[in-house]
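Student: Provided below for reference: sequence and predicted model.
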Amino acid sequence: MGKNYFDKCRLCQNDKKLCFSHIIPEFLFLPIYDEKHRASMIPRGKTRYEQKGIREYLLCGDCEQIISMWETYVSPIIKSIQDLDITRLGDQYIISDVQYANFKLFQLSML
């Protein structure tokens, strides 16, 4: 796979140039990175290191931009999760200052 990889975008289903997309957003790898900004990957019993998370040619630029909008929204929330104002109301949890729709779209984008 070279720099100009053309195939069907997995989201819009159009044949376009695909981006080298993160499968799981890189900010979710931060807790497991070592001091050299690497995460250990162990495919088939052999250790290798990944510095940008797991990626593949998956989305076109337009769809990548949509997905990154939700990642940009959620990233600071996840990074400061210990500071969130969470209130329990019966069997529900209320989290102040978090837009449910954007958070849900981010989660769905990873599926």
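Tutor: Okay, I see it.

Student: can you pull the pLDDT of the spatially most central residue of the chain?
Tutor: Residue closest to the mean C-alpha point of the chain, counted by CA atoms, centre = their mean, is Pro25 at 2.2 Å. pLDDT recorded at Pro25 is 85.

Student: for it, which non-adjacent residue is spatially closest?
Tutor: Nearest non-adjacent residue to Pro25, counting by CB to CB, 6 or more residues apart in numbering: Glu71, 4.8 Å away. For every residue, glycine as well, the C-beta is placed using N, CA and C.

Student: residue contacts, the one you found?
Tutor: 25, 27, 106, 109 (CB atoms under 8 Å, 6 or more residues apart in numbering).

Student: ok, now His22?
Tutor: His22 touches 52-55, counting by CB under 8 Å, 6+ apart.

Student: in PyMOL, select just the buried ones from the residues you listed.
Tutor: Buried residues among the contacts of His22 (16 or more other CB atoms under 10 Å), as a PyMOL selection:
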select buried, resi 53
